[in-house]
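>>> fold the stuff below for me.
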Amino acid sequence: MTMGIDPKDLAEDDLLRELRQLHATRTDTFLHGSGDALANHTARTEELEEEYLRRHPERQVDPERLREGARQR
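Prediction:
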């Protein structure tokens, strides 16, 4: 279910902007949105995140975000 532009058709800057916007509005949608709003928000976030991962399979991962990094803290 694509709402808006297909993520594959977004330029890199647009994809990142959309992801930032969705992440910024997640808590408000979760706490105060209708069930449909939350479902749509979740579906769109998944679409955009999957596209980002498809484009950047070798993205830089912060070692502190891994289990071993957490154990060292």
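
>>> hey, let's count contacts and neighbours off CA atoms from now on
OK.

>>> tell me the secondary structure for the closest residue to residue 30 other than its chain neighbours?
Spatial nearest neighbour of residue 30, excluding adjacent residues (CA to CA, 6 or more residues apart in numbering): residue 38 at 6.1 Å. The local conformation at residue 38, judged by DSSP: H, G, I helix; E, B strand; the rest coil, is helix.

>>> run a quick neighbour tally on residue 38.
By the criterion of other CA atoms under 10 Å, residue 38 has 18 neighbours.

>>> correct me if wrong: it contacts residue 28.
No - counting by CA atoms under 8 Å, residue 28 is not a contact partner of residue 38; they are 9.7 Å apart.

>>> buried ones in stretch 13-23, by neighbour count?
By 16 or more other CA atoms under 10 Å, the buried positions in stretch 13-23 come out as 15, 18, 19, 22.

>>> taking the residues you listed together, which two end up most distant?
15 and 22 (10.7 Å; CA to CA).

>>> let's have the buried residues of stretch 13-23 in a markdown table, adding pLDDT, secondary structure and distance to residue 8.
Below are those laid out as a markdown table (pLDDT from 0 to 100; DSSP: H, G, I helix; E, B strand; the rest coil; distance: CA to CA, whole Å):
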| residue | pLDDT | secondary structure | distance to residue 8 |
| --- | --- | --- | --- |
| 15 | 98 | helix | 9 |
| 18 | 96 | helix | 13 |
| 19 | 97 | helix | 13 |
| 22 | 96 | helix | 17 |
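
>>> in this protein, which helix or strand is least confident?
Least confident helix or strand, the chain: helix 67-72 with a mean of 66, by mean pLDDT, DSSP states H and E.
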